[in-house]
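**Student:** Provided below are the primary sequence and the corresponding predicted coordinates.
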Amino acid sequence: MAEEKKYYAHPTAVVDEGCEIGNGTKIWHFSHIMPNCKIGEQCNIGQNVVISPEVVLGKNVKVQNNVSIYTGVQCEDDVFLGPSMVFTNVTNPRSAINRKNQYAKTLVKKGATIGANATIVCGHDIGRFAFIGAGAVVTKHIPDYALVIGNPARQTGWMSEYGHKLIFNAAGIATCPESNEQYKLDKGSVYKIEIEK
């Protein structure tokens with residue numbers, strides 16, 4: 001007796017052999033999940049998405065419409081990929097030259113957001129809870145909690161885990177207006193201040 005799948009795939013979606021797809025994940029119209037992908041629980045894969053072989057997505061990853069996630073990309077838990085954003089996986093592609101053994105890796109860390117139509121040039125990691133603005137072109141590593149916009153992407157501030165711009169006081173402390181969690185800016189890095197319980 002075949003094992004019952006615990007995820008939803010629209011009838012127009014294609015899921016190739018060897019994929020592991022977590023419970024509660026939804027795969028929508030005209031999307032293609034290629035061989036040997038690992039997709040975590042409770043993910044939402046929008047319309048017209050292509051996930052190339054051996055891509056790994058964590059839990060609760062939201063992939064909006066018209067996104068291609070190429071081999072070499074890994075997304076940790078709670079990542080948001082905006083509509084029509086772009087990953088690359090070869091730094092110097094040529095149609096007549098096969099560079100499949102030169103794919104550069106890109107890691108998108110927990111909780112990061114990549115806005116609509118942004119481009120992530122391969123080989124540059126996106127930090128935890130970083131926020132890449134719509135249309136930004138990322139050409140270097142992005143630190144945890146950083147807010148970057150433009151082409152090429154430049155950092156203009158810091159974001160809370162709830163997606164609010166942080167305003168730091170003279171002591172380097174900022175409070176998220178939604179969660180009331182506090183953050184510390186220290187030597188060019190931001191971290192959340194953990195409250196002992």
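**Tutor:** Thanks, I have the structure now.

**Student:** C-alpha only now, for contacts and for neighbours.
**Tutor:** Will do.

**Student:** my guess is residue 35 contacts residue 21, does it?
**Tutor:** No: taking contacts as C-alpha atoms under 8 Å, residue 35 lies outside contact range of residue 21: 11.5 Å.

**Student:** so residue 63 makes contact with residue 82?
**Tutor:** Yes: taking C-alpha under 8 Å as the definition, residue 63 is a contact partner of residue 82 at 6.6 Å.

**Student:** how about residue 45, what does it touch?
**Tutor:** Listed by C-alpha atoms under 8 Å, 6 or more residues apart in numbering, the contact set of residue 45 reads 25, 26, 27, 28, 31, 62, 63, 64, 65.

**Student:** before we move on, back to that, between residue 35 and residue 21, which is the more surrounded one?
**Tutor:** Neighbour count, other C-alpha atoms under 10 Å: between residue 35 and residue 21, residue 21 has more, with 24 against 17.

**Student:** and the nearest residue to residue 157 once chain neighbours are set aside, what are its phi and psi?
**Tutor:** Beyond its immediate neighbours in the sequence, the residue positioned closest to residue 157 (C-alpha to C-alpha, 6 or more residues apart in numbering) is residue 147, lying 5.1 Å away. Geometry field for residue 147 lists phi and psi as phi -110, psi 120, criterion degrees, to the nearest 10.

**Student:** Beta-bridge partners for residue 147, please?
**Tutor:** Residue 147 has these beta-bridge partners by DSSP bridges: residue 131, residue 157.

**Student:** Can you give me the distance of it to residue 136?
**Tutor:** Separation of residue 147 from residue 136 (C-alpha to C-alpha, to the nearest Å): 11 Å.

**Student:** List the contacts of the nearest residue to residue 115 once chain neighbours are set aside.
**Tutor:** Of all residues not flanking residue 115 in the chain, residue 134 sits nearest, at 4.2 Å (C-alpha to C-alpha, 6+ apart). The contact partners of residue 134, by C-alpha under 8 Å, 6+ apart, come to 114, 115, 116, 117, 118, 149.
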